[in-house]
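S.K.: Make a model of this:
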Amino acid sequence: MRRLLLMTLLLLSGLAHAELPETDWLELMPNSDQKALEAMPEISHDTPEANGTFNGKGGLKQEKGLPAVMYSAKTVSAMNGKQIRLGGYPVPLETDGKGRSTLFFLVPYPGACIHVPPPPPNQLVLVRYPKGLKLDDIYTPLWVSGTLKVEQVSNDLADAAYALDASKVRVVVDTDL
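M.R.: Residues are numbered from 1 along each chain as shown. As a prediction, the model looks like this:
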């Protein structure tokens with residue numbers, strides 16, 4: 001009996017530390033937007049920003065003339081308040097006194113902060129992480145876990161349709177793949 005109790009406690013302990021299942025970025029986008037993206041023509045990346053020339057505010061702001069889905073802030077209401085684990089790449093916004101990122105955008109692919117066009121607002125998540133995370137490289141993929149909120153966020157850099165109060169942020173390691 002004692003052995004069974006010990007095994008049960010070990011199992012429950014392991015479950016308590018288990019991570020949430022991965023949320024796919026497409027789950028943040030309504031079906032109508034997914035279909036519109038699939039039907040979208042190729043977009044030119046021939047811009048001054050793509051060549052490394054930045055002469056305006058904010059690298060993530062949308063340009064005029066893109067298909068409407070590229071501006072979409074339509075959300076999936078069922079995601080509001082949901083505990084999720086989302087993989088992506090950081091775009092740092094604020095750091096604490098120790099140089100740790102406490103506020104950043106999470107984007108679905110590397111380089112979204114320098115490539116034009118950026119992801120639609122419903123594919124950008126503002127992450128609030130008061131503990132902070134030392135970011136040495138924005139091309140390092142992260143797992144971010146916490147409570148997702150449908151929340152419109154706008155700043156000089158970008159517009160986002162979601163915010164996430166992170167309880168855990170960690171670098172993706174080879175064993176995750």
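S.K.: C-alpha only now, for contacts and for neighbours.
M.R.: OK.
S.K.: Please report how far residue 145 lies from residue 70.
M.R.: For residue 145, the distance to residue 70 equals 26 Å [Cα to Cα, to the nearest Å].
S.K.: quick one, which of the two is more surrounded?
M.R.: Per other Cα atoms under 10 Å, whichever of residue 145 and residue 70 has more neighbours is residue 145, with 24 against 21.
S.K.: Which strand or helix spans that one?
M.R.: In the assignment (DSSP states H and E), residue 145 maps to strand 142-154.
S.K.: Within the sheet, what are the partner strands of that strand, with directions?
M.R.: When pairs are called by DSSP bridges, strand 142-154 turns out to pair with strand 83-95 (antiparallel), strand 159-171 (antiparallel).
S.K.: Dump the ones you listed to JSON lines, plus mean pLDDT.
M.R.: As requested, those are exported to JSON lines (pLDDT from 0 to 100):
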{"stretch": "strand 83-95", "mean pLDDT": "96"}
{"stretch": "strand 159-171", "mean pLDDT": "97"}
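S.K.: hey, which helix or strand in this structure has the poorest pLDDT?
M.R.: None of the helices or strands of the chain scores lower by mean pLDDT, DSSP states H and E than helix 2-17, at a mean of 43.
S.K.: most centrally placed residue in this structure?
M.R.: The C-alpha lying nearest the average C-alpha coordinate of the chain belongs to residue 106 (Cα atoms, centre = their mean; 2.9 Å).
S.K.: Need the pLDDT of it.
M.R.: With respect to pLDDT, residue 106 has a value of 97.
S.K.: Equivalent analysis for residue 19, please.
M.R.: At residue 19, the model reports a pLDDT of 89.
S.K.: check contacts around it.
M.R.: Listed by Cα atoms under 8 Å, 6 or more residues apart in numbering, the contact set of residue 19 reads residue 85.
S.K.: Determine the number of other residues adjacent to residue 32.
M.R.: Using other Cα under 10 Å: residue 32 sits among 10 other residues.
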